[in-house]
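In: Below: sequence and its predicted model.
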Amino acid sequence: MMEMTLRTAALAIMLCQPPVGADVVDHRGGDPLQGRVVRIDDGGVELVTATGVRHAIAWDRVRGVEMAPRDPDLDKYKADAMNLWRARTRVERLDFALAEPLFERLFEKYRGRKHETALVVAEGLLRCRLARQANEWAIIPALEVARLRRADITTASYSAQPAILDETTLLCPDLPPAWLDASALVSLERDLETYDAQGDSVIAEQASLYRQAARFALGMKSSVSGKAPSPDHPGAALLRRLVNLVSADGAGREAARQSLRRDVGSMPNWSAAWGRYFVGLSLLSESDPDRRENGLVNLAYLPANYVADQPYLAALALDQLIRTCDANGQSAAAESLRAELATRFPNHPSVARGTIELKRPASSKESS
């Protein structure tokens, strides 16, 4: 009996040993993978097992690789693998402050690529910037995540956290084209002008429409890309409707408002909140006092009804109400709203920075 037990143990040990000459990938979160490494590049490591199964492992999942002879490219990506693993696991335990500096450096290297490692980097940076409500700085990472998702790139990373994009529109519900930080918005407008969607016309149009919204907020003249709209993609279509609410001529704005009013009841809460906010801005740009008052009602609807779904935008609506009251000389109402903003949204950037005036042109004749 003892002899049989020893033989069984010896056989088990032998079976656990990699075949002679096999490469081994030490896989974070799983058993070591054995076979032949056929690719090492900035996307990660690809290994083919003895049975012909291919495994593509992103760098955040690679602890180490054993192979002979050793591929010199392993040393080139060793630091990236370690930093990406550290950053990704920090985000997964909600330690965004320590993760963001690592992701910022990695994003400059991996943006524009088309593989899982690039997705892990872009989504990690997006989650970090949303966590500190740096919305102006989150747009480019969000576009990259959407571009990669449209290219059918997936990852198991962050799967325990809420989805970052809406599946239908591929927009990030936490990133309405509504702004607070004017200095960051200037940088965003320039970044969007040169953003490369790598041939994806839908993502290119989304970037262009975010840029149009940024230019409007800065009081700049609309910039026409000259490209045809993407064919009925729901994400680009939603952004286009919002931009038309504030940048079209008077008749165009009214048509956009009527269209959105018809549809808002059937829209998801997050996009309905976006719509009501932009209807409010659109009405505030009109000269008729009744329309302007209706614009204030639409803005006030957000903190009353959308705090759970859209806390950032609800607070931004309060910020807009405060600015309007200040401009109209209604100081008591403005102070009351400031107190509400500070009490209900103490961590919102408008409370920390104070309101920053963005130019709101009253018509489509914006200055350049």
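Out: Thanks, I have it.
In: Just want the most central residue of the protein.
Out: Among the residues of the chain, Ala142 comes closest to the average C-alpha position under Cα atoms, centre = their mean, at 2.7 Å.
In: In contact with it, which residues?
Out: 126, 164-165, 171-172, 175 (Cβ atoms under 8 Å, 6 or more residues apart in numbering). Placement of C-beta: from N, CA and C, glycine included.
In: Can you show me the helices along the stretch 201-350 of the chain?
Out: Taking DSSP state H, counting those that start in this stretch to define them, one finds helices in the stretch 201-350 of the chain at 201-217, 234-247, 250-263, 269-284, 289-305, 311-327, 331-344, 349-353.
In: Measure how the second one sits relative to helix 201-217, angle-wise.
Out: Put plainly, it is helix 234-247. Taking axes from the mean of the first three to the mean of the last three Cα atoms, to 10 degrees, helix 234-247 and helix 201-217 form an angle of 20 degrees between their directions.
In: show me where pLDDT drops low in the stretch 151-300 of the chain?
Out: Low-confidence segments of the stretch 151-300 of the chain, defined by pLDDT under 70, are located at 223-231.
In: closest to Val91 out of the helices of the stretch 201-350 of the chain?
Out: Using Cβ to Cβ as the criterion, the shortest distance between Val91 and these is 19.0 Å, found for helix 311-327.
In: what does the top helix by length along the chain contact?
Out: Looking only at the chain and at elements set by DSSP state H, the helix with the highest residue count is helix 73-92. Helix 73-92 is contacted from outside by 28, 40-42, 58-63, 65, 96, 98-99, 102-103, 105-106, 109, 117, 120-121, 124, 127-128, 157-158, 160-161, using Cβ under 8 Å, 6+ apart.
In: Please narrow those to those residing in helices.
Out: Using DSSP H, the members of those that fall within helices are 96, 98-99, 102-103, 105-106, 109, 117, 120-121, 124, 127-128.
In: Out of these, who's the most crowded?
Out: In terms of neighbours by other Cβ atoms under 10 Å, the ones in helices among the contacts of helix 73-92 top out with Val121 at 33 neighbours.
In: Relative to Asp80, how far out is that one?
Out: Per Cβ to Cβ, to the nearest Å, Val121 is found 9 Å from Asp80.
In: who touches both of the two?
Out: Taking Cβ under 8 Å, 6+ apart as the contact criterion, the residues that touch both Val121 and Asp80 are Leu106.
In: what sits up against stretch 272-280?
Out: Counting by Cβ under 8 Å, 6+ apart, stretch 272-280 makes contact with 176-178, 238, 241-242, 245-246, 257, 260-261, 263-265, 267, 295-299, 301-302, 306, 309-310, 313-314, 316-317, 320, all of which sit outside it.
In: Stretch 340-349 spans what distance, first to last residue?
Out: The first residue of stretch 340-349 is 14 Å away from its last residue (Cα to Cα, to the nearest Å).
In: My read is that Ala334 contacts Ala327, right?
Out: No: taking Cβ atoms under 8 Å as the contact criterion, Ala334 and Ala327 are not neighbours in contact, 9.2 Å apart.
In: Look at these two and report which has more neighbours.
Out: With neighbours defined as other Cβ under 10 Å, Ala334 and Ala327 compare such that Ala334 has more, 19 against 11.
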